[in-house]
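Asks: based on what follows, work out the 3D shape:
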Amino acid sequence: MGNSWFGVCACVDQASIGVVERWGRFEKLAEPGLHFFNPFAGECLAGVLSTRIRSLDVRVETKTKDNVFVQLICSIQYRVVKTNADDAFYELQNPQEQIQAYVFDVVRALVPRMNLDELFEQKGEVARAVLEELEKVMSAYGYNIEHILMVDVVPDASVRKAMNEINAAQRLQLASVYKGEAEKVLLVKKAEAEAEAKYLGGVGVAKQRQAITDGLRENILNFSHKVEGTSAKEVMDLIMVTQYFDTMKDLGSASKNTTIFIPHGPGHVRDITEQIRNGMMEAASSQVEDNI
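Replies: The predicted structure follows:
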């Protein structure tokens with residue numbers, strides 16, 4: 001709804017305040033409602049001011065102590081004081097420009113004393129300093145500063161990119177530390193498992209050999225008791241020959257087996273070498289004879 005007046009009467013809307021003049025001189029303030037004026041006495045409604053809270057966004061570009069250019073976005077909420085509406089009507093022509101000028105002055109005097117990190121941490125202090133200065137100045141013009149919010153601090157694009165890269169590098173470093181710790185735990189657990197497996201395997205081999213020894217001892221004793229005149233060595237030789245033939249039988253039953261039994265030990269290796277050399281010399285001699 002708008003405010004309207006018709007010479008002898010005028011209607012002032014809610015959340016507004018009217019300024020009444022007599023012969024061009026301020027007379028009184030008109031509260032919301034219907035008012036009658038005497039035009040013959042020079043009374044008239046000179047203007048109407050809104051008493052609602054207004055918001056003004058101010059963008060300030062400045063430099064920090066570490067030579068980083070930033071933009072600060074301030075949101076100022078202000079309103080006309082009803083009792084001093086005549087000052088707001090007559091004293092100040094453009095309140096927005098006045099507020100903006102003082103915000104520029106305070107911010108550009110305070111921010112260059114701070115580093116970029118300090119500015120992010122203490123932007124509330126900047127808003128408080130702006131509020132104190134504006135309240136002191138604007139109250140003389142009939143305006144009250146309700147709130148000031150430092151909405152955002154925007155560094156230069158290259159600075160933001162560098163800050164993001166630093167943060168990413170720190171997080172990657174932390175991730176590497178955690179990954180290394182995880183791999184360390186995995187290796188330790190794997191080593192413990194291998195040690196436990198080897199221990200259990202050794203226990204199993206020891207028990208197996210003990211069982212084989214016990215079985216051989218029983219076989220030797222039984223064979224000696226049943227066959228008189230046999231010694232323990234003869235019984236062992238017989239058992240070894242039996243196991244040898246059993247092994248040969250198992251190897252022969254497999255069609256794709258590639259196992260070869262050769263004598264082993266230093267003396268046997270020398271005999272094998274001599275046999276190979278003699279075979280090669282005989283092959284070469286026979287080839288010479290054929291050529292002749």
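
Asks: can you map out the helices along the stretch 51-200 of the chain?
Replies: Assigned by DSSP state H, counting those that start in this stretch, the helices in the stretch 51-200 of the chain fall at 85-90, 95-110, 116-121, 123-138, 157-226.

Asks: if I average pLDDT within each of these, which one is lowest?
Replies: Among the helices of the stretch 51-200 of the chain, helix 157-226 has the lowest mean pLDDT, at a mean of 79.

Asks: which helices and strands does it pack with?
Replies: helix 232-253 (3 or more CB pairs under 8 Å, 6 or more residues apart in numbering; DSSP states H and E). Where you see a C-beta, it was placed from the backbone N, CA and C, and this is true even at glycine.

Asks: quick check: mean pLDDT across the helix it packs on?
Replies: The average pLDDT for helix 232-253 rounds to 67.

Asks: residue 184: neighbour count?
Replies: By the criterion of other CB atoms under 10 Å, residue 184 has 10 neighbours.

Asks: kindly report the same for the one 10 residues further on.
Replies: Residue 194 is flanked by 10 other residues according to other CB under 10 Å.

Asks: swap in residue 200?
Replies: Look at residue 200: counted by other CB under 10 Å, it has 10 neighbours.

Asks: could you give the bridge partners of the nearest residue to residue 59 once chain neighbours are set aside?
Replies: Nearest residue to residue 59, sequence neighbours excluded (CB to CB, 6 or more residues apart in numbering): residue 73, at 5.4 Å. Note on residue 73: beta-bridge partners residue 59, residue 152, judged by DSSP bridges.

Asks: give the contact list for residue 126.
Replies: Residue 126 is in contact with 72, 106-107, 110-111, 119, 150, counting by CB atoms under 8 Å, 6 or more residues apart in numbering.

Asks: tell me which of these is nearest to residue 171?
Replies: residue 119 (23.1 Å; CB to CB).

Asks: any idea how far the closest one is from residue 70?
Replies: Residue 119 sits 7 Å away from residue 70, taking CB to CB, to the nearest Å as the criterion.

Asks: how does this structure divide up, domain by domain?
Replies: 9-50, 54-155, 234-286 (the TED database).

Asks: would you format these as CSV with distance to residue 181 included?
Replies: Formatted as CSV, these follow (distance: least, CB to CB, whole Å):
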stretch, distance to residue 181
domain 9-50, 64
domain 54-155, 30
domain 234-286, 47
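
Asks: of those, which is nearest residue 191?
Replies: Ranking those by proximity to residue 191 (CB to CB) places domain 234-286 first, at 33.8 Å.

Asks: counting neighbours, what do you get for residue 149?
Replies: For residue 149, the neighbour count with other CB under 10 Å is 16.

Asks: quick check: the nearest residue to it once chain neighbours are set aside vs residue 35, distance?
Replies: Nearest non-adjacent residue to residue 149, counting by CB to CB, 6+ apart: residue 75, 4.4 Å away. Distance, residue 75 to residue 35, by CB to CB: 35 Å.

Asks: those two: who's more crowded?
Replies: It is residue 35, of residue 75 and residue 35, that has more neighbours when counted by other CB under 10 Å, with 18 against 15.

Asks: phi, psi for the spatially closest residue to that one that is not a sequence neighbour please.
Replies: Closest residue in space to residue 35, ignoring its immediate chain neighbours: residue 10 at 5.3 Å, by CB to CB, 6+ apart. For residue 10, the backbone dihedrals are phi -150, psi 150 (criterion: degrees, to the nearest 10).

Asks: before we move on, the earlier item: which one of the contacts of residue 126 is nearest to residue 218?
Replies: Looking across those and measuring by CB to CB, the closest to residue 218 is residue 119, at 91.4 Å.

Asks: contacting residues for that closest one?
Replies: By CB under 8 Å, 6+ apart, residue 119 lies in contact with 64, 70, 111, 126, 153.

Asks: who wins on neighbours among these?
Replies: Using other CB under 10 Å as the neighbour test, the contacts of residue 119 are led by residue 111, with 23 neighbours.

Asks: for residue 122, see how far away that residue is.
Replies: Distance, residue 111 to residue 122, using CB to CB: 10 Å.

Asks: now swap in residue 168 and tell me
Replies: Distance of residue 168 to residue 122, computed by CB to CB: 25 Å.
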